[in-house]
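Novice: Sharing a model prediction with you, sequence too.
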Amino acid sequence: EPEVTQTPSHQVTQMGQEVILRCVPISNHLYFYWYRQILGQKVEFLVSFYNNEISEKSEIFDDQFSVERPDGSNFTLKIRSTKLEDSAMYFCASSAHGRNTEAFFGQGTRLTVV
Amino acid sequence: KNEVEQSPQNLTAQEGEFITINCSYSVGISALHWLQQHPGGGIVSLFMLSSGKKKHGRLIATINIQEKHSSLHITASHPRDSAVYICAPGPGAGSYQLTFGKGTKLSVIP
């Protein structure tokens, strides 16, 4: 069964460093998303991406965040200068056609900023 | 902003019991996801539904779009069903995002 894969599963970084979280969405999907979950809290939407541009972003997704689809398979989330409060589980998801189609999630990347 | 309420927040059941988890939301949406999150943290999509009822194995999900309410039922519960079950309505009109509930932590005891 096709699945969304994320790497790495766990990343530890020093405050102020840049990190790139990687995702390989399901191959025929067109819509891509990033969500995050701070420990003990609910999952929050960060950004959606379609046709090589951001289609929607939340207030959390400020200038320190960026997304990119550098090639035909990868979808990345870059955090430019990490803060302690960026420590969270980051989930990538993809869906075939956006609204009204099922979103499939990756296993997540646990980011720890020290 | 869609306010999502799940009940109960925590649920302990004996193996074999029938389980119901409820979800209410405040803003009209076209579809709703039910998701499962295991202790390791990964999220698995169980259902996406926009009307009526869907069944997958021992799991049944229902939705009433007009009343903004959905339920997830587990028949003949098993210890391996122990997980957090999350309701995520959306997307709504003009949006792509899902809004997540806080989840219901289910523990099934043998």
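Specialist: Sure thing, it's come through.
Novice: mind showing which ranges of chain A have poor pLDDT?
Specialist: Nowhere does chain A drop to pLDDT under 70.
Novice: Just the buried positions in the helix or strand bottoming out on mean pLDDT in chain B, please.
Specialist: Every helix and strand of chain B was ranked by mean pLDDT, DSSP states H and E. The lowest is strand B:43-49, at a mean of 93. By neighbour count on 16 or more other CB atoms under 10 Å in any protein chain shown, the buried set for strand B:43-49 is B:43, B:45-49. Quick note: C-beta positions are derived from backbone N, CA and C, even for glycine.
Novice: Also stretch A:107-114?
Specialist: Neighbour-count burial for stretch A:107-114 [16+ other CB under 10 Å]: A:107-111, A:113.
Novice: near chain B at all, it?
Specialist: Yes. Using CB under 8 Å from any CB of the partner chain, a contact is recorded between stretch A:107-114 and chain B, made by A:107-108, A:110.
Novice: any chance of those residues in a markdown table, plus secondary structure?
Specialist: Formatted as a markdown table, those follow (DSSP: H, G, I helix; E, B strand; the rest coil):
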| residue | secondary structure |
| --- | --- |
| A:Gln107 | coil |
| A:Gly108 | coil |
| A:Arg110 | strand |
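Novice: how about the strands in chain B?
Specialist: B:4-7, B:10-14, B:19-25, B:32-37, B:43-49, B:52-56, B:59-64, B:69-74, B:83-89, B:104-109 (DSSP state E).
Novice: any idea which of these is most buried?
Specialist: Of all the strands of chain B, strand B:83-89 has the most neighbours on average by mean count of other CB atoms under 10 Å in any protein chain shown, namely a mean of 24.
Novice: Now do that one and strand B:69-74, the angle between them.
Specialist: Angle of strand B:83-89 versus strand B:69-74, following axes from the mean of the first three to the mean of the last three CA atoms, to 10 degrees, is 150 degrees.
Novice: Can you name the residues that contact A:Ser87?
Specialist: A:Ser87 is in contact with A:38-39, A:111-113, counting by CB atoms under 8 Å, 6 or more residues apart in numbering or on different chains.
Novice: I'd like the distance between the closest residue in space to A:His10 that isn't next to it in sequence and B:Asn64.
Specialist: Closest residue to A:His10 apart from its sequence neighbours, by CB to CB, 6 or more residues apart in numbering or on different chains: A:Arg110 at 4.6 Å. Applying CB to CB, to the nearest Å, the value for A:Arg110 to B:Asn64 is 36 Å.
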